[in-house]
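Novice: Need the 3D shape of this:
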Amino acid sequence: MKSPDDLSRKRAKLERCPPGHNGRAVALTSLAGALYDRFRREGVVADLEEAITLERVTLELRPSGRPGRGDSLNNLACGLLGRFQIYATMSDLEEAIELFREALLLRPSGHPDRPSSLHNLASCLSTRYDNRRVVTDLEESVMLGQVVLELRPPGHPDRGIFLNSLACNLTKRFEKHAVIRDLEEAIKLHREALGLHPSGHPNRSTSLHNLALCLSYRYDHQRTADDLEEAVELGRAALQLRPPGHPDRGISLRNLACDLRRRFGKVDMRGLDDAIELQRATLQLHPSGHPDRSSSLHNLSICLLDRYDFKGVVAHLEEAVTFGCAALALCPPNHPDHEATLSLVERAANQVIRSVILTTLTAMPTRLLHTHTGILCDRYAQVSYFTRSQQYSQLLSSCTTCNPDQRMQLIHTHVSKYFQYAMFSHRWGEGEPLLHDIDGQSIYDMSTKGGFAKLQAFCRTAREQDYLWAWSDTCCIDKGSGAELQMAVVSMFAWYRQSALTIAYLSDISDTGSLGNSEWFSRGWTLQELLAPPTVLFYTQNWSPYKNLTSSNHKPDATVLEELERATGIDPQFLTGFSPGVDGARSKLQWASLRRTSRPEDMAYSLFGIFNLRLPIMYGEPAEQALARLLGEVISRSGDISVLDWVGEASSFNSCFPAHIASYRSLPSPPPQLNAEEHTSKISQQPIPSSTALQTLYRSLAELPLPRFLSRRVILPCIAHRVTAIQLKTTDPDASSYAYEMQASGLRPLEITLPSELEDATISRVTLQLVRPWNPQLLGPSTKPYATAEEQLLSELGKPFNALLLIELPSNQYKRIASSTLIAAHSVDSATVLQSEVKVLEIV
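Specialist: Okay, the predicted model is just below:
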């Protein structure tokens, strides 16, 4: 290392050699060399500039033919090349090439410095090729490199450097012309260079990296898995020799990541996550402003796309778009990588859009009518319409420029708007077109009679309301496919709920008619078609808006809402804001009790969506079985015992359920009760119950399981009262009803009236139980500030209740009887309440 004193001495020596002095050229060269050495050590550009200036002066003192001119040419060229590497000023590189050419002429064959001149010129020509892509520069560089290598035979200490330079130029020529022999020769040279750079050699990481790159290229060309495996192994080795902080670590990270991605796609799938982590590390080494940042962003985006293709995680896809857009922002239209990056971003954005489309369509009907063409479209056709639309082009363009935080919202908004659809609600009539009638044809080109005319009018109305898609239950379901029919039935409530508009066509209501007079309100399926959609428009028989209303939604209209309440018996809050679920089951069953369906089992199926249940559709099963499956699921999901409150014929499927939904037509009237003062007085006159007994009863009821339905049995927690006596009051054979007096443990004597006479065996065995169904959820906190929860329970159990009459069967099971009448029961007193028998019974 030359000290500052050494530079001072060289400057002093130059001062002692003024212009004209014989030793001035040597002094100039000596000082320039010292300055150039310090520049390479410390990077002070002023030293380089001064060295170049001094070498120019030296060159003028050594005209053609003078000794030392070759050295001056070479020194000045090296200085200019160093400045080019800082500022990338092409004039410096051009001048360096000319100087190296002239120096080469002064160093003929046999000259000891000829190999270095050949090498320097070859390096400059290769650099100019990198900047201007003039193929003749690359060809000359390769030729010069081959000559140099002949002058540096095996064993020469500099052979490794020349091997690497020639191999790199051959690799560039392969990249340009794809001539495999260039790549094969480069691999051979890099292997030899690696052999000359053992562990610990400063150039070993370079040799490992370059050989890995060539093997990766050969893999791309010949698809030999061994090349890719070796490239990955060499890349990992190179990366270990380039720890954090190494100037070439970024390129090693990038290349290894690319090879791991190749192996993910072609050999195995283990390396993709490693590739992504390496690309992330590369990106950290290429911060904002780094010339390789765009390529790092680009490569990371590609890897994330691959991971999405493999794992299907949308978050990976969104990240790929974000990085791709960041890369595109760094590649303006005139950038050489602009088209490739734009293509990548559009590919990633297209994948994001398609994922949103598929998610959106999954929640929609499988088939929809295109209201502009009248063609029935499956999901593939629906997507095809969108991707060919102007809206899609605009969305794709916006995705490449918008704020990443807004991108998904933008996509969801555009996709949701495009695929908004209108649903049709109507009464089926004669000649309704089915799927096979319209498939592959435009409905607008078909018959204008019967159901076809109705379907055409519906689609036109939807189109006039600016909806591109429409659905009708007549032709948009393949009823020949059991699986599709099952899916449609259980999804229909959700389809109506998610629709932008439901068009309800009242074919039997004239312009002056009243909405509530329509048969539409007596059909089973139209209940969910009324409750589910947020927006409904009613149309009369000539397709005019009901009462010529101009609002975009008839549901919240005060006049219409009042008519709907009268026609359905449904409270306005449910008409305008209904939420599906098993809560409030008894009210929902009452709403449906006045309706009917063409196929009896459909009455139960039409309620699946209202209760938010997904049960099997089994057309051909008895209607009472379908209803029982529904009721059993409601009980199992909610424990709601109100579904046992009905009067009528019992189902053969389970006696706790009615055979017909009409049994829910009227809400059971509560048993007659004492008024508040009488009830309080009655309680105060009774002995104060034991707090221990009360707590025991409370705990017993709290620990009961929830009611449930299992294997056609109702598992019913209850308070049971054994019937101790039952007697027919009258024996008139012509009587249309039969009155019985009944006594049960813990209950006051009661009387029931039945339409048919009980069998003698039933009366004689007296194996009857009057039970009060129980749900532990009924035990809530006290609503009275002066009473504990236990005391409130006692008060409630002291009130009259509607009891179920059960008969015991063999195998410890029970069956409900006398379901055609309400049985009002009342505890004797507080003491008998505390003696209540808490049971869990199996009822068939």
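
Novice: I'd like the distance from stretch 138-146 to the chain centre, please.
Specialist: 55 Å (Cα atoms, centre = their mean, to the nearest Å).

Novice: Buried residues of it, list them for me.
Specialist: 138, 140-142, 144-146 (16 or more other Cβ atoms under 10 Å). All C-beta spots, glycine's among them, are computed from the backbone N, C-alpha and C.

Novice: Output those residues in CSV; the columns should cover pLDDT, secondary structure and distance to residue 319.
Specialist: Formatted as CSV, those follow (pLDDT from 0 to 100; DSSP: H, G, I helix; E, B strand; the rest coil; distance: Cβ to Cβ, whole Å):
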residue, pLDDT, secondary structure, distance to residue 319
138, 94, helix, 38
140, 95, helix, 45
141, 94, helix, 41
142, 95, helix, 42
144, 94, helix, 47
145, 94, helix, 43
146, 94, helix, 47
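
Novice: if I pick the closest residue to residue 421 other than its chain neighbours, what's in contact with it?
Specialist: Ranked by Cβ to Cβ, 6 or more residues apart in numbering and with sequence neighbours excluded, the top spatial neighbour of residue 421 is residue 469, at 3.9 Å. By Cβ atoms under 8 Å, 6 or more residues apart in numbering, residue 469 lies in contact with 368-371, 382, 419-422, 462.

Novice: hmm, 10 Å instead?
Specialist: 364-365, 367-372, 377, 382, 385, 418-422, 459, 462-463, 499-500 (Cβ atoms under 10 Å, 6 or more residues apart in numbering).

Novice: Closest to the centroid, which residue in the protein?
Specialist: residue 314 (5.4 Å; Cα atoms, centre = their mean).

Novice: Could you measure from it over to residue 401?
Specialist: Residue 314 sits 21 Å away from residue 401, going by Cβ to Cβ, to the nearest Å.

Novice: and if you look at residue 330?
Specialist: Where residue 401 is concerned, residue 330 sits at a distance of 14 Å (Cβ to Cβ).

Novice: So between these two, which is more surrounded?
Specialist: residue 330 (19 against 11; other Cβ atoms under 10 Å).

Novice: hang on, that one packs against residue 323?
Specialist: No - the pair residue 330 / residue 323 is not scored as a contact, 11.1 Å apart, by Cβ atoms under 10 Å.

Novice: Find residues that contact each of those two.
Specialist: 297-298.

Novice: Kindly state the pLDDT recorded for residue 202?
Specialist: As predicted, residue 202 sits at a pLDDT of 93.

Novice: just residue 684 next, same as before
Specialist: 44.

Novice: what do you get for residue 687?
Specialist: 53.

Novice: heads up, I number from 57, so please use that
Specialist: That works, and once the first residue is 57, the last one we named lands at residue 743.

Novice: For the closest residue to residue 297 other than its chain neighbours, pull up the helix or strand it's in.
Specialist: Residue nearest to residue 297 in three dimensions, not counting chain neighbours: residue 261, with 3.8 Å by Cβ to Cβ, 6+ apart. If you go by DSSP states H and E, residue 261 is part of helix 260-278.

Novice: And the next helix or strand past that helix?
Specialist: helix 281-296.

Novice: and the following helix or strand past that following helix, what does it pack onto?
Specialist: Sequence order places helix 305-322 as the next helix or strand after helix 281-296, per DSSP H and E. If you count contacts as 3 or more Cβ pairs under 10 Å, 6 or more residues apart in numbering; DSSP states H and E, helix 305-322 packs onto helix 260-278, helix 281-296, helix 328-341, helix 349-367.

Novice: Return the alpha-carbon coordinates of helix 305-322 using PDB.
Specialist: Extracted C-alpha coordinates of helix 305-322, given in PDB (Å, rounded to 0.1, in the frame of the first residue of the first chain):
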ATOM      1  CA  ARG A 305     -25.200 -11.900  -3.100                       C
ATOM      2  CA  GLY A 306     -28.300 -10.400  -4.800                       C
ATOM      3  CA  ILE A 307     -27.600 -12.100  -8.100                       C
ATOM      4  CA  SER A 308     -26.800 -15.400  -6.400                       C
ATOM      5  CA  LEU A 309     -30.100 -15.200  -4.500                       C
ATOM      6  CA  ARG A 310     -32.000 -14.400  -7.700                       C
ATOM      7  CA  ASN A 311     -30.500 -17.200  -9.800                       C
ATOM      8  CA  LEU A 312     -30.800 -19.900  -7.100                       C
ATOM      9  CA  ALA A 313     -34.500 -18.800  -6.600                       C
ATOM     10  CA  CYS A 314     -35.100 -19.200 -10.300                       C
ATOM     11  CA  ASP A 315     -33.600 -22.600 -10.400                       C
ATOM     12  CA  LEU A 316     -35.600 -23.700  -7.400                       C
ATOM     13  CA  ARG A 317     -38.700 -22.400  -9.200                       C
ATOM     14  CA  ARG A 318     -37.800 -24.500 -12.200                       C
ATOM     15  CA  ARG A 319     -37.400 -27.600 -10.000                       C
ATOM     16  CA  PHE A 320     -40.700 -26.900  -8.400                       C
ATOM     17  CA  GLY A 321     -42.400 -27.000 -11.800                       C
ATOM     18  CA  LYS A 322     -40.500 -29.900 -13.300                       C
END
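
Novice: Fine, thanks again, bye for now.
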